[in-house]
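**Student:** Okay, sequence plus prediction incoming.
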Amino acid sequence: QVQLVESGGGLVQAGGSLRLSCVASGRTFSDYLMGWFRQAPGKEREFVARIRWSIGTTYYADSVKGRFTISRDNAKNTVYLQMNSLQPEDTAVYYCAARTSGSESYDNWGQGTQVTVSS
């Protein structure tokens, strides 16, 4: 059973930085894509970034490109989301998610971590 546990959220001023972590367990993730999503109050959940675990290729939403960086540490089975130049519109609950490369949807989700950016 895949388990994903996020941490690292908090309150930060506009222009600041945070790094989110997602510890993955339960299986080998070499064939997985790991993603970060976020959901702001009253809004739909939206894609933020993803990384292919095996080769480290990444993809970002336009809204975060150039400010956020997704990475993984194979030894720690952990995926990170480094968030720089944070803005109030980045305020949301951030979720880590996982899917196999052959799956069309993310099947495994973490519990989420709150990120609040004050102006």
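**Tutor:** That came in fine, so what should we check first?

**Student:** Wait, residue 78 touches residue 20, no?
**Tutor:** No: using C-beta atoms under 8 Å, residue 78 is not in contact with residue 20; the gap is 10.3 Å. Where C-beta positions appear, they are placed from N, C-alpha and C, glycine not excepted.

**Student:** Neighbour count for the two, which is higher?
**Tutor:** residue 20 (25 against 17; other C-beta atoms under 10 Å).

**Student:** Let me know the next secondary structure element after the helix or strand containing the more buried one.
**Tutor:** In this assignment (DSSP states H and E), residue 20 forms part of strand 18-25. Sequence order places strand 32-39 as the next helix or strand after strand 18-25, per DSSP H and E.

**Student:** C-alpha coordinates for the helix or strand just after that following strand, PDB please?
**Tutor:** Downstream of strand 32-39, the first helix or strand assigned by DSSP H and E is strand 46-52. Taking C-alpha atoms only, strand 46-52 is exported to PDB below (Å, rounded to 0.1, in the frame of the first residue of the first chain):
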ATOM      1  CA  GLU A  46      -5.000  22.200  -9.700                       C
ATOM      2  CA  PHE A  47      -1.800  20.600 -10.900                       C
ATOM      3  CA  VAL A  48       1.500  22.300  -9.800                       C
ATOM      4  CA  ALA A  49       4.400  20.100 -10.900                       C
ATOM      5  CA  ARG A  50       5.400  16.500 -11.500                       C
ATOM      6  CA  ILE A  51       8.600  14.400 -11.700                       C
ATOM      7  CA  ARG A  52       9.300  11.100 -13.300                       C
END
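
**Student:** Fine, thanks again, bye for now.
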